[in-house]
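Visitor: predicted model, plus sequence, below.
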Amino acid sequence: MLTKPNILRLVSYIVFFAAALYFPGRTVYNFERPAVPPVEMRFKLRAYDPYDPLRGRYLALNVICPPKNDKVKSSTSGRETAVRRETAVLEKDRDGFAVVSELLPSDGVPPTDKPFVRNVHFAVFVTLDDNKNVTEIRGAEMPFDRFYLNEPLAKPAEKLLREVTRDPKRSAVLVVDIHRDGNWAVKELLVDGKPLREVLRAAAK
């Protein structure tokens, strides 16, 4: 019987359930339909050692994202050689590929007018030059280092990617959407300008 206490209890359950779904639902909606469209960034790929295993249903990628120039500004101080995770501010070079224009600490405030990626693993060498910190990037590991695909395609895809990245006349490019808040989504892996799956299907015929 819907007595007044039962009605209040039912309304409370409905409100609680709606509140529990609101945050994850809003997060997914904002990611899929952002108010500000993401910036598409393209990254060159380098082949992994042929003896590295393929872990599960994805390709392990070695993403190349060099500094914009020989010395990139950093907000850290002193002189050190370290491996750490930082926020990488990105720009596009003249060929349209992503480069690092600035490094910020993980808790730093990124610019609002440029795309950025958090938790980038860097091997860096920092010096103090004319009261400005200068960082030489020795290596960088982007958080998007895998490309998912069906299990039957994994081995031929790994072989193809290894062949392509070792041939200077061919290209392998990872296309990533960088959202305004630093989140990212892998969009496509292009081989010689064509989607990887399309290339694999053509080769299988």
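Guide: On my side now, so go ahead.

Visitor: from Glu158, how far off is the nearest residue to Ser171 once chain neighbours are set aside?
Guide: Nearest non-adjacent residue to Ser171, counting by Cβ to Cβ, 6 or more residues apart in numbering: Asp192, 5.9 Å away. Quick note: C-beta positions are derived from backbone N, CA and C, even for glycine. As judged by Cβ to Cβ, to the nearest Å, Asp192 and Glu158 stand 17 Å apart.

Visitor: same question, Leu61
Guide: Per Cβ to Cβ, Leu61 is found 11 Å from Glu158.

Visitor: hey, where'd the strands end up in the chain?
Guide: In the chain, the strands defined using DSSP state E lie at 39-46, 58-60, 62-64, 72-74, 80-92, 98-105, 116-129, 132-141, 146-148, 172-178, 184-191, 194-195.

Visitor: direction included, what does the second one pair up with?
Guide: Each strand paired with strand 58-60, and its direction, by DSSP bridges: strand 146-148 (antiparallel).

Visitor: for the partner strand, give the mean pLDDT please.
Guide: The pLDDT scores in strand 146-148 average 85.

Visitor: do stretch 173-191 as well
Guide: Mean predicted confidence for stretch 173-191 is 92.

Visitor: break the chain into its domains for me.
Guide: 1-33, 38-65+144-205, 67-141 (automatic domain parsing).

Visitor: my guess is Leu61 contacts Leu174. True?
Guide: Yes: using Cβ atoms under 8 Å, Leu61 is in contact with Leu174, at 6.3 Å.

Visitor: what's the overlap in contacts for those two?
Guide: Leu45, Phe144, Phe147, Leu189 (Cβ atoms under 8 Å, 6 or more residues apart in numbering).

Visitor: reformat those residues as JSON lines; add neighbour count.
Guide: Formatted as JSON lines, these follow (neighbours: other Cβ atoms under 10 Å):
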{"residue": "Leu45", "neighbour count": "22"}
{"residue": "Phe144", "neighbour count": "15"}
{"residue": "Phe147", "neighbour count": "17"}
{"residue": "Leu189", "neighbour count": "21"}
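
Visitor: any stretches of the chain with poor pLDDT?
Guide: Along the chain, the model assigns pLDDT under 70 to residues 1-11, 13, 15-35, 47-57, 70-85, 123-140.
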